[in-house]
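Colleague: give me coordinates for this.
(2 chains, ligands or ions: 1)
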Amino acid sequence: MIRVRVTAPPGCSRKKLDERGWMELPDGARLSNVLKALRMPKLLARLLMVSINGAVASPDTELADGDSIAFFSMISGG
Amino acid sequence: MKSCMGHILEVDLSNGTIVKKKVPEVVYDQVLSGKGLGAWYLYKHIPPGADPLGADNIVGFVSGALTGTGALMCGRWMVVTKSPLTGGWGDANCGGSFSPAIKQCGVDAIFFKGISEKPVYFFMDNEVCEIRDASEYWGIDAVEAELKLQEIKSGKKKPSVAVIGTAGENLSLISGVCNEGGRIAARSGVGAVMGSKKLKAVVLAGNQKINCEDKEKVKELSKDLAAKVKKAYPPGVMKGRIYGTLGKVMGALPISLPLDGPTNIAPLRKWGTSVNTVMAVNMGDGPVKNWGGVPKDVSALAKSFDPDNILTRETKKYHCYACPLGCGGVIDISDLNGGEFAQTHKPEYETIQAFGPLLLNNKLKTIFYINELLNRAGMDSISAGNTIAYAIECFENGLIDKNETCGLELKWGNDQDIVKLVKLMVAREGIGDKLADGVRKAVEYFGPETAKYAMHVGGQEPGMHDSRFDPQLAVHFMTEPAPGKHTIGSGGMYGNMALWDICSWAPTAKPHSKKADHIPNEEIGIASCATACYSMLVDGAGGCYYGQLMGVHMWKLIDYLNAAAGWQRTGDEFLEMGKRIQTLRHMFNIKHGIKPADRHLPKRMQGDPPLRSGPLKNLTTLADDQAKYHWQAMGYDPETGVPKEETIEALNIPSLLALEAEVI
Ligand code: SF4
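Modeller: You can find the predicted model right below:
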């Protein structure tokens, strides 16, 4: 099993996320599995610049334990 | 702690003595290095009532506990002192290569007290350690002086230099200390303390080894982080303008969304912090027109501050020591002002905001030029921008007239007169002399009726993030021992950092209504407490704010510290250590007569009255009430902000303060 951190935008299904925002997935899981769990269409995910560890990623990217998945490329502070 | 050198140096500039001392191991064990070591030392050695510009004050240059261990983004150095700007704890922080240079001289910190009769600089390498005459460097700007000082023969090809510019020499209370061509540890007026001691520079050229307990683990953590950072870069088609649009969307939403830390990496790598400007203004985070305006007041905002316009001038990118991200850059400005300067550092968001939207100035080229003027003078651009905004608003309201401004038309967006005013401040001439010490001093000169235009907290001009936008930020501005700093924390940062992943009592950030956020509540108080404590760990380690922003799951500070020290401490234990450092700094303030609850945000910065349009429409931040929740979570008296005796005891502070460094 791997655990990934998901910063999900409003409107997504949070059912598969624990209260701290982590999701458990089987080894070899891909980003598309997360999108599916969130009930987010792939096209929308691309539009929202879905990223893994800050790098914009395609849905078929394989995930690693500890990855951080997010949907905007934002910056805070500076 | 194996990653620390275990020693400090005490230099008395009045009598020329230099003493090396061994620091008890338990000090590192309890407060790390960096600001923690600085707070322990300064609390003990600066007497109450000491004049910040007098012989009794001490200015220390401190490295971080992780600097030089192979840990990434841990190469920041800190200046610690009693601030002449606030009268309390002062510190400032900078990147570059000066932090490892301190440790390579075999010490974690160098503390200077006393006052030299003539200008001096301090030199140290593996063999030599002495105070030297600096007459030939005095009066020279920080960039030129550094270049000259780097020519000094030493055990290293190019020594590392921390140096003041003319602003510090002139005792400007908003001056800082520079390195690497004008990068500046800017806040708290630390440059003036060096100036008061006639200490022009600290030149370090040692090459001693820096140790670490579990090198392999540190290496593994760094390899993983570097690989992730390397992958995060914006796609080629992505333009910087998109951030302005995202800012508009975020500003219009009635809710705040927690953001993911690692998404900061790509924009920082490509554009640096300048990417923030349009976005920050549009979402309500970037203050406009001396904190009294709204985004539409800034004409041609998106076009004028398009971060891609800055990139067209970029000639090189640079990284601090051991940083895979590299948010810095150099830009060509040889076409400006008759070629007076060939280049300048890519201006930071803080500088662009303070000399752009804050003054309704949309001439980016002027900001490039001002950036270099201030970097060379060693003057804090945040404080200088806030002070000029104050002067313009006073002028606009007839409280300062042309007789006082040396004929300058102090008007919003009048970039040419803004440049002239910066030059007067740097030279301390005419009205510049009255403004060179920041807004609080300026009010003393121009009269109490001008106070409503002076944006400061406890004497420190605030960073360029709006307290009405983010109530947690408002609390950090007020409650931080060195107030007005934007780098300690905010609600936005809290979401980025994800402290709940390492700390059992830190609440999880969730989407929340902006209105509800502005009602004081316990949850924000606990979040601000956790943030303040974590921030102290970052500084104790020598960590970078942008590492902190990446989040604990990406930049693994706790794992790094455990590996470097051979500890197996939990996140909760580390946050306790952070609380100890923060409490020591508060105790320093109290010892020096500061009453924490007397530090308030100006009414305007609280939204009293609120703005009537724009993204901050009708938002009021009840910062004083929210601060009480912060104090409570810290274990301080919620009404006075004074640490409770039982908190001080529980943090083992009395026994820590009873320890002395021993002469070796
Ligand atoms: S992110 Fe920027 S400021 Fe921080 S260490 Fe790296 S280069 Fe320096």
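Colleague: where exactly do the helices run in chain A?
Modeller: Along chain A, the stretches classed as helices by DSSP state H are A:31-38, A:42-47.
Colleague: hey, which of the ones you listed is tucked in deepest?
Modeller: Greatest average neighbour count among those goes to helix A:31-38 (a mean of 20), per mean count of other Cβ atoms under 10 Å in any protein chain shown. Bear in mind the C-beta positions are built from the backbone N, C-alpha and C, glycine included.
Colleague: so which residue is dead centre in chain A?
Modeller: Nearest residue to the geometric centre of chain A (Cα atoms, centre = their mean): A:Ile69, 3.5 Å.
Colleague: what does the pLDDT read for that residue?
Modeller: Reported pLDDT at A:Ile69 in the predicted model: 96.
Colleague: and for the one residue in the stretch 351-500 of chain B that gets nearest to chain A, the neighbour number?
Modeller: The minimum distance from the stretch 351-500 of chain B to chain A, using Cβ to the nearest Cβ, falls at B:Gly492 (3.9 Å). Using other Cβ atoms under 10 Å in any protein chain shown, B:Gly492 has 26 neighbouring residues.
Colleague: just after the helix or strand hosting it, pick out the following helix or strand.
Modeller: Using DSSP states H and E, B:Gly492 maps to helix B:491-497. Next helix or strand after helix B:491-497 toward the C-terminus (DSSP H and E): strand B:512-513.
Colleague: now for that next one, which elements pack on it?
Modeller: Counting contacts by 3 or more Cβ pairs under 8 Å, 6 or more residues apart in numbering or on different chains; DSSP states H and E, strand B:512-513 is packed against strand B:255-256.
Colleague: buried ones in the following helix or strand past the strand it packs on, by neighbour count?
Modeller: Downstream of strand B:255-256, the first helix or strand assigned by DSSP H and E is helix B:265-271. Neighbour-count burial for helix B:265-271 flags B:Ile265, B:Ala266, B:Pro267, B:Leu268, B:Arg269, B:Lys270, B:Trp271 (criterion: 16 or more other Cβ atoms under 10 Å in any protein chain shown).
Colleague: out of those, which comes closest to B:Met587?
Modeller: B:Leu268 (35.2 Å; Cβ to Cβ).
Colleague: just the pLDDT at that closest one, thanks.
Modeller: The score at B:Leu268 is 95. That number is its pLDDT.
Colleague: which residues touch B:Pro52?
Modeller: By Cβ atoms under 8 Å, 6 or more residues apart in numbering or on different chains, the contact set of B:Pro52 is B:Thr81, B:Lys82, B:Ser83, B:Pro84, B:Gly87, B:Gly90, B:Gly189, B:Ala192, B:Val193, B:Ser196.
Colleague: ok, now which ones touch the second one?
Modeller: Same thing as B:Lys82. Applying Cβ under 8 Å, 6+ apart to B:Lys82 gives the contacts B:Leu42, B:Ile46, B:Ala50, B:Pro52, B:Asn57, B:Ile58, B:Gly88, B:Trp89, B:Gly90, B:Val193, B:Phe588, B:His592.
Colleague: for B:Ile352, which non-adjacent residue is spatially closest?
Modeller: B:Thr277 (5.1 Å; Cβ to Cβ, 6 or more residues apart in numbering or on different chains).
Colleague: and the strand or helix carrying the one you found with the ligand, contact?
Modeller: Secondary structure from DSSP H and E places B:Thr277 in helix B:276-283. No - judged by Cβ under 6 Å from any ligand atom, helix B:276-283 and the ligand are separated, with a smallest distance of 13.4 Å.
Colleague: my guess is B:Asn207 meets B:Lys157, correct?
Modeller: No - shown here, B:Asn207 and B:Lys157 do not form a contact pair, counting by Cβ atoms under 8 Å, at 10.0 Å.
Colleague: pLDDT score assigned to the residue nearest to B:Ile352?
Modeller: Note for B:Thr277: predicted pLDDT of 97.
Colleague: the residue of the stretch 351-500 of chain B closest to chain A and the ligand: what is the separation?
Modeller: From B:Gly492 over to the ligand the distance is 17 Å, taken as Cβ to the nearest ligand atom, to the nearest Å.
Colleague: that residue contacts B:Leu259, doesn't it?
Modeller: Yes - between B:Gly492 and B:Leu259 there is a contact at 6.4 Å, judged by Cβ under 8 Å.
Colleague: which intervals of chain A have sub-threshold pLDDT?
Modeller: Low-confidence segments of chain A, defined by pLDDT under 70: A:73-78.
Colleague: pull the contacting residues for B:Ile594.
Modeller: With Cβ under 8 Å, 6+ apart as the criterion, the residues that contact B:Ile594 are B:Thr86, B:Gly87, B:Gly88, B:Gly458.
Colleague: mind listing the strands for the stretch 51-200 of chain B?
Modeller: Along the stretch 51-200 of chain B, the segments classed as strands by DSSP state E, counting those that start in this stretch run B:59-62, B:77-82, B:89-94, B:109-113, B:120-124, B:129-133, B:160-163, B:177-179, B:183-185, B:199-204.
Colleague: got JSON lines for the ones you listed, with mean pLDDT too?
Modeller: As requested, the strands of the stretch 51-200 of chain B are arranged in JSON lines below (pLDDT from 0 to 100):
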{"stretch": "strand B:59-62", "mean pLDDT": "98"}
{"stretch": "strand B:77-82", "mean pLDDT": "98"}
{"stretch": "strand B:89-94", "mean pLDDT": "98"}
{"stretch": "strand B:109-113", "mean pLDDT": "98"}
{"stretch": "strand B:120-124", "mean pLDDT": "98"}
{"stretch": "strand B:129-133", "mean pLDDT": "97"}
{"stretch": "strand B:160-163", "mean pLDDT": "98"}
{"stretch": "strand B:177-179", "mean pLDDT": "98"}
{"stretch": "strand B:183-185", "mean pLDDT": "97"}
{"stretch": "strand B:199-204", "mean pLDDT": "98"}
